[in-house]
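J.: What would the 3D arrangement of this be:
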Amino acid sequence: MRGHLSPGELHTRHNSFRRHLPRQMHVSSMDFSMDSLPIRQPSIGIGRIKPELYKQKSVDSEEECKEEVETCGKLSFSLRYDYEESCLVVQILKALELPAKDFTGSSDPYVKIYLLPERKNKFQTRVQRKTLNPVFDETFQFPMEYDQLSSRKLHFSIYDFDRFTSHDMIGEVIVDNLFELSDLSREAIVWKDIHCTTTTELTTSDRRLSSEDFTVTEGKPVNPLG
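T.: A predicted model of the protein is given here:
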């Protein structure tokens with residue numbers, strides 16, 4: 001019958017099918033492992049917050065602030081309030097590790113002190129000759145009521161005395177909060193970093209000043225034009 005194939009014809013067709021199969025379907029050469037498939041990265045939508053960026057920015061800002069503040073030694077002083085005299089008592093004790101301001105590797109430091117914001121009274125220590133670790137041990141009084149202390153600040157300016165030229169400002173200390181350590185009913189000793197500055201103190205009417213111009217009686221305000 002025409003619909004039946006002989007064993008020889010079946011064998012011939014089977015071999016022919018095997019020869020054509022690899023050309024049409026290269027199944028054996030295909031790799032279906034997950035490693036070969038491209039991985040689609042999740043997209044970051046607009047407005048998505050990335051906390052790590054804000055954290056890094058904050059750290060950088062703190063480091064920049066630290067780098068901007070340059071110190072040049074330390075200043076020690078004490079604060080207390082005298083209730084009987086109604087005044088703030090400030091004792092300037094000493095300074096440590098001041099920078100050298102002359103060619104000998106030393107300085108002639110002194111300290112000016114103001115009470116902010118009005119700056120009405122100005123006090124000044126004696127000049128300490130040829131030292132980077134001066135001991136002042138001088139006491140000054142600012143008359144005021146106790147309830148005014150919270151609105152006042154202390155400003156210390158440390159200078160290097162020069163007999164023949166302008167006096168170089170070594171640095172400054174500003175105490176924003178007078179109650180930083182106590183209520184001032186008892187003496188509180190404070191150490192503060194001195195912040196470097198580049199301001200100079202001009203001589204009075206261009207005359208040559210001697211050390212006597214920068215020596216004051218304890219507790220008396222200094223008039224720079226006197």
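J.: Pull the residues that contact the strand ranked longest in the chain.
T.: Longest strand of the chain, by residue count under DSSP state E: strand 71-82. Under the criterion Cβ atoms under 8 Å, 6 or more residues apart in numbering, residues 87-99, 111, 132, 141, 146, 149, 154, 156, 158, 170-171, 173, 175, 178, 181, 184-196 lie in contact with strand 71-82. No exception for glycine: its C-beta is placed from N, CA and C like everyone else's.
J.: Name the residues of that strand that are buried.
T.: Neighbour counts over strand 71-82 (16 or more other Cβ atoms under 10 Å) mark C72, G73, K74, L75, S76, F77, L79, R80, Y81 as buried.
J.: Show me what that strand pairs with in its sheet, parallel or antiparallel.
T.: With DSSP bridges as the test, strand 71-82 is paired with strand 87-96 (antiparallel), strand 188-196 (antiparallel).
J.: May I have it as PDB, with CA atoms only?
T.: Only the C-alpha atoms of strand 71-82 are listed here, as PDB (Å, rounded to 0.1, in the frame of the first residue of the first chain):
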ATOM      1  CA  THR A  71      43.700  78.800  68.000                       C
ATOM      2  CA  CYS A  72      46.900  80.400  69.400                       C
ATOM      3  CA  GLY A  73      47.100  79.400  73.000                       C
ATOM      4  CA  LYS A  74      44.800  79.400  76.100                       C
ATOM      5  CA  LEU A  75      43.600  82.000  78.500                       C
ATOM      6  CA  SER A  76      42.700  81.400  82.200                       C
ATOM      7  CA  PHE A  77      40.500  83.700  84.200                       C
ATOM      8  CA  SER A  78      38.000  83.500  87.000                       C
ATOM      9  CA  LEU A  79      34.500  84.900  87.400                       C
ATOM     10  CA  ARG A  80      32.300  85.700  90.400                       C
ATOM     11  CA  TYR A  81      29.500  88.100  91.400                       C
ATOM     12  CA  ASP A  82      30.000  90.300  94.400                       C
END
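J.: Just the mean pLDDT for that strand, thanks.
T.: Averaged over strand 71-82, pLDDT sits at 96.
J.: quick one: low-confidence ranges for this structure?
T.: Along the chain, segments meeting pLDDT under 70 span 1-67, 198-226.
J.: now the helices for it?
T.: 7-24, 51-68 (DSSP state H).
J.: Pull the contacting residues for V111.
T.: Going by Cβ under 8 Å, 6+ apart, the list of residues near V111 reads L75, I92, A95, Q124, T125, F136, F156, S157, I158, Y159.
J.: From V190, how far out is the first one?
T.: This points to L75. According to Cβ to Cβ, to the nearest Å, L75 stands 8 Å off from V190.
J.: do the fifth one as well
T.: Note on T125: its distance to V190, by Cβ to Cβ, is 16 Å.
J.: what about the two, which has more around it?
T.: T125 (25 against 18; other Cβ atoms under 10 Å).
J.: That one against F136, yeah?
T.: Yes: using Cβ atoms under 8 Å, T125 is in contact with F136, at 4.6 Å.
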